[in-house]
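Enquirer: got a predicted structure here, sequence first:
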Amino acid sequence: MTETSWTQRLFGGFAKTSERLSANLPVASGGSAKLDEATLDEVEDALILSDLGPSAAARIRARLADKRFGLEITQRELKEAVAEEIAAILRPVAKPLEITAFPRPQVILVIGVNGSGKTTTIAKLAHLFQEDDYGVLLAAGDTFRAAAIGQLATWAGRIGVDLVRGPEGGDPAAIVFDAVKQATDTGIDALIVDTAGRLQNKKELMEELAKIRRVLGRINPEAPHDVVLVLDATNGQNALAQIDVFKEVAGVTGLIMTKLDGTARGGVLVAAAEQYGLPIHAIGVGEKMEDLRPFDPDLVARVIAGVA
Ligand SMILES: Nc1nc2c(ncn2[C@@H]2O[C@H](COP(=O)(O)OP(=O)(O)OP(=O)(O)O)[C@@H](O)[C@H]2O)c(=O)[nH]1
């Protein structure tokens, strides 16, 4: 996909988010306002209403006040200034998932609640790696539901990668063991492991992940190299609560946020960056294979603020 079409996809995907933000900003299109306390209050409220979170909203307000307090500002200038502050929050966390493990394979555990877009994200990630000529293998570690295994198998077929799978109810650690062996024997670069998303039963999930880790650790003490949490942006602030829980249960090393196209709550990406500082590897803006990419923080900031 060309950069231009990805940029268009981003603007389309984030349209609901940027429209909500624009609608709540205090300065009307074509107009201007003095950046006094009352206007700054309204800017801060608009940011919170777009799910950027109180902490990012306060930070952006403070920076705007530092730079422009008392000055007349147009809507365009305000959006530009907001975009700049959002970019400052996103830049430090925008980190693509890179394949650097030696020895290979790099083992990437993918975690997240059911329905977050985990399976689709695994397929999209595999596709991204394939585009960079990496060999990819998938492992169906979510054995809790037959549908999850079937869905991953369908994606694997579609993108042309092998899938190591077991029976429904099988032991995920055993599947992961077989998958690492196959990946090692066949010179695979990246092994992406789907896991069960049973957050309702924290203890079971924790034990299951611990067992996967033990098995992996026996083969390669560095594995898993990445524990990537997939978050559904449409959950807004609840997506943030999931970071807290999964950090505790699974030792998250990075985030991927999906479904940013289906929501006016895309500002939650900024809240996640501000509050957790975890690497954000990529964002998903649609259901197709090409709809996930590492993101350019400056571009995404402009997209959220609605400055073309
Ligand atoms: N609009 C949109 N839909 C997405 C995105 N990512 C995933 N989806 C859709 O979200 C739904 C759930 O995605 P899955 O990948 O099945 O999610 P999962 O977390 O594996 O869920 P289970 O299969 O229930 O465990 C599917 O209909 C996907 O097509 C995205 O970035 N944007």
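Expert: Happy to help now that I have it. Residues are numbered from 1 along each chain as shown.
Enquirer: up against the ligand, what does this structure have?
Expert: Proximity of the chain to the ligand (C-beta under 6 Å from any ligand atom) is limited to residues 112, 114-120, 148, 151, 197, 258-259, 261-262, 284-287, 291. For the C-beta atoms, the positions are set from N, CA and C on the backbone; glycine is no exception.
Enquirer: among the residues you listed, which ones are buried?
Expert: Listed as buried from these are 112, 114, 116-120, 148, 151, 197, 258-259, 261-262, 284-286, 291; burial here means 16 or more other C-beta atoms under 10 Å.
Enquirer: helices of this protein, residue ranges please.
Expert: 3-13, 15-24, 37-49, 53-68, 75-90, 118-131, 146-159, 172-185, 202-219, 237-250, 268-276, 297-305 (DSSP state H).
Enquirer: buried set for stretch 91-104?
Expert: In stretch 91-104, counting by 16+ other C-beta under 10 Å, buried: Val93, Ala94, Leu97, Ile99, Ala101, Arg104.
Enquirer: likewise for stretch 42-56?
Expert: So for stretch 42-56, counting by 16+ other C-beta under 10 Å, buried means Val43, Glu44, Ala46, Leu47, Ile48, Leu49, Ser50, Asp51, Leu52, Gly53, Ala56.
Enquirer: what's the answer for stretch 191-207, then?
Expert: Applying 16+ other C-beta under 10 Å to stretch 191-207 flags Leu191, Ile192, Val193, Asp194, Thr195, Ala196, Gly197, Arg198, Leu199, Leu205 as buried.
Enquirer: just stretch 85-92 next, same as before
Expert: Glu85, Ile86, Ala87, Ile89, Leu90.
Enquirer: ok, those residues vs the ligand, which is closest?
Expert: Distance ranking of these against the ligand, using C-beta to the nearest ligand atom, places Leu90 first at 17.8 Å.
Enquirer: so how far is Ala271 from that closest one?
Expert: 11 Å (C-beta to C-beta, to the nearest Å).
Enquirer: nearest spatial neighbour of the closest residue to the ligand within the stretch 201-308 of the chain, skipping sequence neighbours?
Expert: Residue nearest to the ligand within the stretch 201-308 of the chain (C-beta to the nearest ligand atom): Gly284, separated by 3.0 Å. Leaving aside its chain neighbours, Gly284 sits nearest to Thr258 (3.5 Å; criterion: C-beta to C-beta, 6 or more residues apart in numbering).
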